[in-house]
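Engineer: Provided below for reference: sequence and predicted model.
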Amino acid sequence: MPIINVENLSKVYPVAVKEPGLQGTIAHFFKRTYTAIAAVKSVSFAIEPGEVVGFLGANGAGKTTTLKMLTGLIHPSEGRLDVAGYNPFQRETGFLRKITLVMGQKQQLIWDLPALDSLRINAAVYNISDQAFRQRVGELSEMLTLSDKLTQPVRKLSLGERMKAELLAALLHQPQVLFLDEPTLGLDVNAQVSVREFLKDYNERYGATVLLTSHYMADITALCQRVLVIYQGQMIYDGSLDGLLEKFSPARAVTVELADVKTLSELQVYGELSEVAGRVAHFIVPQEKLTHTLSRILAELDVVDLTVAEPPIEEIIGQIFRSGAVGIS
Amino acid sequence: MKRPLQNALRKAGTLLTVYYAYMLEYRAELLLWVLSGSLPFILMGVWGQAAQGGRFGLSSLYFIRYFLAAFLARQFTVVWVIWEFEREIVEGKLSFRLLQPP
């Protein structure tokens, strides 16, 4: 039985429009004009307990709005929602104890105090006994390699340490469902890897369900067996990561090392260039044109080396978002 | 009945101690707040002195009473809730509070 069940979920925001200048300001003060923005359009999906699902979409696609509806922060305009057996917007205590939300851009820890003080507040709010508090903080801080940092003011922590402390605070009450909105945003590669590994461990150890949005494809490939892709408020894909590559990218990455440097215009005639570095050019070539393109490159250019591989997932997702939906699944 | 009361007291106690720690974090800032809060006492001295030397309808005792009352009224009527609440909404921090059980 799914732990998250979403049927025909929609959200329409009224957004006030204001003309610039004094006249516009006065008109805006006395009479507001609103336009309706459909942020999420009839989205449906179901997530089973223990699943780690990646939620992909360009900026403004509707990811955060969906997460806010799933956590009960905003009310859906239409549709039905069920998270852990509750209607999120009713914000029942039982529901709030079962979920958590981590937002990479926002923090819940008190900036000027050590993280332990904020954790004490969370322990009191969630009625966690002193013994359980010590045990959970010990366990989670060990998993996050954060033990010696919890007594330092949050403002003195690095961005990566701060995010780890945020995760600790968000997971102290051992929620069953984790909503993570860009948890690795702005972190360096090492911090990203350690947050990713922690989330993987946490999921394996506690069987928690995770819905994760991220701009870093490495997060998705490392953690998620399944992905949801949202484009302009509509769900365009729900399935495995491999299936996404097959569906949206019947293409290959062709890397060619040439004997001499060619200009961009000379290379562009062979296909979409993803990168050029000196004598090495990287092309993204559609599957059906692969044989033809390779024959042309080999016949017309002085090739030293040539490799054909799956294109990087960033490239594929970028292409999907640049070209618009490739068809609603 | 005992358990909910205990929980409420624990929450209140923790919030009070943690937010006291938060308020006491910057000592120089605290000193400036104390100085700005002591303005009624400074004015009390100025007007009390003036009342002793000049021809005033009120004695210095009245001025002392008045500025003492002004100080106490200021202490008990300062409200930061509106400012803090607006900041939490604008910065998105209210979301975290809304997601905590009551």
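Structural biologist: Arrived safely.

Engineer: count of neighbours near residue B:79?
Structural biologist: Other residues within reach of residue B:79, judged by other C-beta atoms under 10 Å in any protein chain shown, total 7. Placement of C-beta: from N, CA and C, glycine included.

Engineer: Same check on residue A:108?
Structural biologist: 20.

Engineer: same deal with residue A:76?
Structural biologist: 22.

Engineer: again with the one 5 residues further on
Structural biologist: By the measure other C-beta under 10 Å, the count of residues near residue A:81 is 19.

Engineer: moving C-terminal of the one helix or strand residue A:132 maps to, what's the next helix or strand?
Structural biologist: Remark: residue A:132 resides in helix A:130-143, with elements defined by DSSP states H and E. As assigned by DSSP H and E, the chain's next helix or strand after helix A:130-143 is helix A:159-171.

Engineer: helices and strands around that next one, which ones?
Structural biologist: Counting contacts by 3 or more C-beta pairs under 8 Å, 6 or more residues apart in numbering or on different chains; DSSP states H and E, helix A:159-171 packs against strand A:99-103, helix A:115-125, helix A:130-143, helix A:189-206.

Engineer: and the helix holding residue A:132, how far from the chain's centre?
Structural biologist: Relative to the chain's own centre, helix A:130-143 is displaced by 28 Å; criterion: C-alpha atoms, centre = their mean, to the nearest Å.

Engineer: CA atoms of it as CSV?
Structural biologist: Extracted in CSV, the C-alpha atoms of helix A:130-143 (Å, rounded to 0.1, in the frame of the first residue of the first chain):
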residue,chain,number,x,y,z
ASP,A,130,16.3,12.8,27.5
GLN,A,131,17.6,9.2,27.1
ALA,A,132,16.3,8.8,23.6
PHE,A,133,17.5,12.3,22.7
ARG,A,134,21.1,11.5,23.8
GLN,A,135,21.0,8.2,22.0
ARG,A,136,19.6,9.6,18.7
VAL,A,137,21.9,12.6,18.7
GLY,A,138,24.8,10.3,19.3
GLU,A,139,23.8,7.9,16.5
LEU,A,140,22.9,10.6,13.9
SER,A,141,25.9,12.8,14.7
GLU,A,142,28.2,9.7,14.3
MET,A,143,26.5,8.9,10.9
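
Engineer: Remind me what that helix packs against, helices and strands.
Structural biologist: Using 3+ C-beta pairs under 8 Å, 6+ apart, helix A:130-143 sits against helix A:115-125, helix A:159-171, helix A:189-206.

Engineer: returning to what we had before: turn the helices and strands packed on helix A:159-171 into JSON lines, including distance to residue B:42, mean pLDDT and mean neighbour count.
Structural biologist: Below are the helices and strands packed on helix A:159-171 laid out as JSON lines (distance: least, C-beta to C-beta, whole Å; pLDDT from 0 to 100; neighbours: other C-beta atoms under 10 Å in any protein chain shown):
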{"stretch": "strand A:99-103", "distance to residue B:42": "46", "mean pLDDT": "93", "mean neighbour count": "23"}
{"stretch": "helix A:115-125", "distance to residue B:42": "35", "mean pLDDT": "94", "mean neighbour count": "22"}
{"stretch": "helix A:130-143", "distance to residue B:42": "47", "mean pLDDT": "92", "mean neighbour count": "15"}
{"stretch": "helix A:189-206", "distance to residue B:42": "51", "mean pLDDT": "89", "mean neighbour count": "16"}
